[in-house]
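[1] What follows is a predicted protein model with its sequence.
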Amino acid sequence: MFMIGRLLSFLAKSSSLIGAICVILMMLHVTADVVGRYVFNVPLPGTIVMVANYYMIIVVFIALGVAEEKNSHISVEFVTDLMPPRVQTGFSVFSGILTVGVISVVMIGGWTEAVKKTNIGATMEQGSQRIEIWQAYWLVPLGAALMALIAGYRVITTVTGWRNGLNETDVNAKFIND
């Protein structure tokens, strides 16, 4: 089981790298468009479509698995910190199961939409160009699947007590919060 956690951490780290590369590419793309538009009066065609339908989708949905692996989604532990560890573990398992359920709905909906958009060859028009965007729809179920896998794996390891092998940031978070 530990090796599964290592694999999931590797996938999360890889998706984090992809997200970071996309942020850099988006920054360069927008900068080139602004320079082209205001210095040379020749904007890059399709910048708005690329930013909204590729870069932003990658950055947001690929990061879902990374946030789940690092256990860094927003949580309010106002009352649960006062409860015994066993109750806290129960709430953790319940929230993990709920996370898997909700994100699975997002994944299935994203898959369904991606299939539809792929079948019709979805495009967007910007200026006089048509830009294919159907590929970006596959990033939603991909990111949701990674998050669901990590959350489900964490539930299993929490219930069984096995070492999970995930690169969590709990130690760092506790240090920062103290």
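    Structure's in. What do you need? Please read these numbers as outputs of a predicted model, since none were measured by experiment.

[2] how about stretch 16-26: buried residues?
    16, 19, 22, 26 (16 or more other CB atoms under 10 Å). Glycine gets a C-beta too; all of them are placed from N, C-alpha and C.

[3] Surely the last one is within a helix?
    Spelled out, it's residue 26. Yes. Residue 26 forms part of a helix when assessed by DSSP: H, G, I helix; E, B strand; the rest coil.

[4] Which single one of the buried residues of stretch 16-26 is nearest to residue 105?
    Set against residue 105, the nearest of these by CB to CB is residue 19 (23.0 Å).

[5] Helix or strand: which one has the closest one?
    helix 2-38 (DSSP states H and E).

[6] Name the residues of that helix that are buried.
    In terms of neighbour count (16+ other CB under 10 Å), helix 2-38 has its buried residues at 4-5, 8-9, 11-12, 15-16, 19, 22, 26, 29-30, 33.

[7] and if you look at stretch 63-78?
    For stretch 63-78, the neighbour count (16+ other CB under 10 Å) marks 63, 64, 65, 66, 68, 69, 70, 71 as buried.

[8] hang on, isn't the fifth one packed against residue 147?
    This means residue 68. Yes. Between residue 68 and residue 147 a contact is recorded at 4.6 Å, counting by CB atoms under 8 Å.

[9] hey, what's in contact with both of those two?
    Jointly contacting residue 68 and residue 147 under the rule CB atoms under 8 Å, 6 or more residues apart in numbering are residue 99.
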